[in-house]
Each structure stands twice: as structure tokens, then as C-alpha cells.
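Q: Would you be able to build a 3D model of this:
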Amino acid sequence: MKTPNRRQFLASGAAAGALSLSGRLQAAPSDAAAALLKGQAEHVISIWLGGGMGQIDTFDPKVKGDPKAKKPGSYYDAIDTAVDGVQVCQHLSKTAQVMDRVTAVRTVNHDVIDEHAAATNRMHTGRAISGTVTYPSLGSLIVHERGAADDNAPPYVLIGYPNVTRGPGFLGAKYGYLYLTETGRGPAGLSRPDGITDARQDRREAFLASLRKNADKTTVSKLQDYDAAIQQSLKLSGPEFNRVFQLDGEPDDLRNQYGGEFGQRCLLSRRLVQRGVRFIEVSHNLNFLNGAGWDVHNSGIVNQYKLIEELDTALATLIVDLEQKRLLDKTLIMITTEFGRPPGFDSGGGRGHQGSTFSCVLAGGGLSHCGAYGETDEMAKRIVADPVSVADLFATVCAATGVDYSKYLYAGDRPVPITDQGTPIAKLFV
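A: Model prediction:
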């Protein structure tokens, strides 16, 4: 038998290694698929609390503190809920009654510097800001994988101000959002000016069609995505889709139950679900009631309870409304914010920023809710049990909506894990 030389030995070893790795890669998909969690939700209503909702003053209450005496703790009293052993802030009294359809995830955490823009990006894209890749938002990821629930509806609607963190990133314009800033008006760019009659619009579309016919077809993906977005906008700019924004068609008593402008946004989100929109983000960083929104430094905390009560009214009504219309199991409600607040008080009696642990909320979506998941210490400052990373939270939402949270997407030729390798909260899928 001839003894192989060094080069032959290395070559044979590399070949054997490649065959072994190939076998593992081929086996991996079936193994992973068998273990994948998959829910039944068809839609997501994502409520964004810009500024940083304080977990200790809402969904993870602790012993009451005193800002004047600089005693750390909750700003409000805690109350019992429909789930034994789970308490929330006293100003969430309506939500407390439906907590059996809700899970407050109390141990969400990230290591982003406690600065609003960076943390907002993390909580929308699941990633740190990159100098080389613009990552897509969770909304864009879900519509990329699932599309619209109805061909005559946009897949993604933002009720609030546009921002790159909500956008499609490397997925392209086709997976971006339509947006509106007022519930009394339709999305920006879809409502025709008063002087544009149907006949005039038809002439414009005919002229555009003529230009397309005479132009060479492009193979540039960005231009193709942009063209697809224009086509979708033309399809949705007529009166049929825009009727969804006519909230005065809802019963007066129901509109009153939802409350003010934020509540009307939540009502509109339910109508958009019925119309076939896959993902809706509803922004609550409106600074309507306390002059500071959820960013309660200094005296901004004094009227924080008004924001909490507004959230409480809209959220509880939305849950019941969806349930009565047999849509709650098909619609996952999520509440996110960029970080939480520490238990101690600043020099003005308010609170700073805290990313080490904070609360996000899931409701409906066909999940097995338990009122609260995860445990923090006596001051809601450190995680005691069941930490949930942002990637884990995203994986949970993906799993709930039937999206494969283990797969990879591609930014050009760069593979990007869809949820940064997050793991869903398995308890919610039992």
C-alpha cells in the first residue's frame, strides 16, 4: 500500500470533512422544521410607545416608592388582574380585566446605549445600527414572508410619522409601508387632490402605461420594487380602499369606548385588519396629555397616569372589539417601547432610561396567554428568571404569524438570519 504524501492526506481529509458537513447541512432543515413553533395569527397590530414606557409604573409594578424622599419603587399602587398572582398598575384597570388574553413579557432586554434613536432602531429591526447594512423592520420582515392578507389591501400601514427604522431596509421598497398621521385622512399620497377627477386620473394612468410600454424593461431590482410600489399605490388610491378610513361609519358608542385620538388609531387598526392589512403599527408617542410622552424625566412623570389611562382604555377596548368580531385569535397585538425606566427617581422626581430589563406586551394572536412571563427583582431592575432578548421577542412574533424564524434572508449575497437567531417563548405555544 502506497503511503499518501502530505498534500494527498490533506486533500482527502478536506473532502471527508466536506462530505460530513454536507450531510449535516442536508439533515439540518428537516430537524429544524420538526421543532419549529408555528401559530395561527394572520395579522399584527403593533403599538409603539415612543419615549420609553416605565415597566415599574405599568406592567411590572413593585412596592410603592416616593420621589420626594428619593425612595425607589413604583409611582402608583398595584391592582390584581383576571390572572391569579399577576398585578398591574392601578391605572390599567380595564386591561386588568382582560389579562387572561394578555402576556406582559417582563424580561425584555438589550445592551443598546440608553439613547432613543439607537434603541428605537433596535426595537424595530432587532439589530444594532450597521454602517454596511440597512436592516428591515419587523413589519417589513413579516410582509416579506406573508404578503398582504388581501390583494386589494396594502400589506403594511403605519399610523404615525415615517421613519427609516420602520422601513424595508435591504428588502426593497415593495415591502415598505403606507403611512398616515391623522385618522380623519387616508394615507399620504393616496388621497387625490380635489381637482383630480376620475377622467383626469384615467388619462394620467394611460400616459404612464404608454411610457412603460415604450421603455426598455429594467433588470434592476430596486427599480422593479419601486415600480411595484407605484402600481400598488395606483390600485389603492380609489374610493374603495379609502372607505376604511371613514371612522364615522362606526357606532358612536364604540368610538367613545376607544377614547381620543390614540383610541381612534386603534379602532382604525381593527378596520385595517378587516380590510386585509397584514401589519399595522400604531404610534402613541403623541405628547397629547403630559407634554413629555413616555419619556418621563423630571416633572413629565406627574401626568404620566393620563397616558397610561389612555393606553388602558384603547387596549382593553381593542381586545374586546376584536374578540367580539372573532378576530382576536387571528390578530396578534404587541406593545413595544425602546427601553424601560429605573426604579429610582431623578433630581426632578422623574425617571431615567433602563435597557437592562423592561416590559413589552403580547395579546391575542391565538397564543396561550399567562398574564405575565419572566421575573424581575424587587425593583424591576434586574432579571431573575426567563430573560427575553429582542431577537427572542421577534422570533415569538414571527412564530405566532407562521413565519419561519430560523431562516436566512440575503442582503445582496450576505446571509442575514431573519431574527438574529432568536428563540420564541415556547410557553405561549403550548
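Q: so residue 164 touches residue 129, yeah?
A: No: using C-beta atoms under 8 Å as the test, residue 164 is too far from residue 129 to be in contact (10.2 Å). For every residue, glycine as well, the C-beta is placed using N, CA and C.
Q: got a pLDDT number for the nearest residue to residue 276 once chain neighbours are set aside?
A: Leaving aside its chain neighbours, residue 276 sits nearest to residue 150 (2.4 Å; criterion: C-beta to C-beta, 6 or more residues apart in numbering). Listed pLDDT for residue 150 reads 92.
Q: how about the helices in the stretch 301-430 of the chain?
A: 304-324, 390-400 (DSSP state H, counting those that start in this stretch).
Q: looking at the ones you listed, which is closest to residue 169?
A: Residue 169 lies closest to helix 390-400 among the helices of the stretch 301-430 of the chain, at 13.9 Å (C-beta to C-beta).
Q: can you tell me the average pLDDT over that closest one?
A: Helix 390-400 carries an average pLDDT of 98.
Q: tell me what that helix is packed against?
A: Counting contacts by 3 or more C-beta pairs under 8 Å, 6 or more residues apart in numbering; DSSP states H and E, helix 390-400 packs against strand 102-109, helix 138-146, strand 331-336, strand 358-364.
Q: now the residue nearest to residue 276: how far from residue 405?
A: Separation of residue 150 from residue 405 (C-beta to C-beta, to the nearest Å) stands at 24 Å.
Q: Of those two, which one has the most company?
A: Each of residue 150 and residue 405 has its neighbours counted (other C-beta atoms under 10 Å); residue 405 has more, 27 against 14.
Q: Report whether the expected contact of that one with residue 418 is present.
A: Yes: counting by C-beta under 8 Å, residue 405 touches residue 418, with 6.2 Å between them.
Q: Return every residue with contacts to both of these two.
A: Overlap between the contact sets of residue 405 and residue 418, as judged by C-beta atoms under 8 Å, 6 or more residues apart in numbering, is given by residue 398.
Q: pLDDT weak spots in the stretch 201-350 of the chain?
A: For the stretch 201-350 of the chain, the stretches with pLDDT under 70 are 201-202, 204-205, 208-209, 211-214, 216, 218-239, 285-288.
Q: can I get the helices and strands packed on helix 390-400 in TSV with distance to residue 89 and mean neighbour count?
A: Putting these into TSV (distance: least, C-beta to C-beta, whole Å; neighbours: other C-beta atoms under 10 Å) gives the following:
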stretch	distance to residue 89	mean neighbour count
strand 102-109	11	26
helix 138-146	26	24
strand 331-336	14	25
strand 358-364	11	26
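Q: okay if I get those as CSV plus distance to residue 60?
A: Shown next, in CSV, are the helices and strands packed on helix 390-400 (distance: least, C-beta to C-beta, whole Å):
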stretch, distance to residue 60
strand 102-109, 5
helix 138-146, 23
strand 331-336, 13
strand 358-364, 5
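Q: closest one to residue 90 among those?
A: That would be strand 102-109 among those, by C-beta to C-beta, at 15.2 Å.
Q: Phi, psi for the closest residue to residue 70 other than its chain neighbours please.
A: Nearest residue to residue 70 in three dimensions, chain neighbours excluded: residue 345, at 6.1 Å (C-beta to C-beta, 6+ apart). The phi/psi pair for residue 345 (degrees, to the nearest 10) reads phi -110, psi 150.
Q: One more: the one 10 residues further on?
A: Torsion angles at residue 355 (phi, psi; degrees, to the nearest 10) stand at phi -100, psi -10.
Q: Contact partners for it?
A: Counting by C-beta under 8 Å, 6+ apart, residue 355 has contacts 109, 110, 111, 112, 114, 119, 339, 340.
Q: pLDDT at it, what is it?
A: 96.
Q: Excluding sequence neighbours, find me the nearest residue to it.
A: Spatial nearest neighbour of residue 355, chain neighbours left out: residue 339 (4.3 Å); criterion: C-beta to C-beta, 6+ apart.
Q: Run a quick neighbour tally on that neighbour.
A: 30.
Q: and it, what does it touch?
A: Residue 339 makes contact with 52, 110, 112, 114, 119, 353, 354, 355, 358, according to C-beta under 8 Å, 6+ apart.
Q: Closest to residue 71 out of those?
A: residue 354 (17.4 Å).
Q: Looks like that closest one contacts residue 337 (just checking).
A: No: if you go by C-beta under 8 Å, residue 354 and residue 337 don't touch, sitting 11.1 Å apart.
Q: Who has more neighbours out of those two?
A: residue 337 (27 against 21).
Q: gap between the more buried one and residue 105?
A: Residue 337 is 12 Å from residue 105, by C-beta to C-beta.
Q: what's the answer for residue 119, then?
A: Counting by C-beta to C-beta - residue 119 and residue 105 are separated by 16 Å.
Q: number of nearby residues for residue 346?
A: Neighbours of residue 346 (other C-beta under 10 Å): 16.
Q: show me the contacts for it.
A: Going by C-beta under 8 Å, 6+ apart, the list of residues near residue 346 reads 297, 298, 352.
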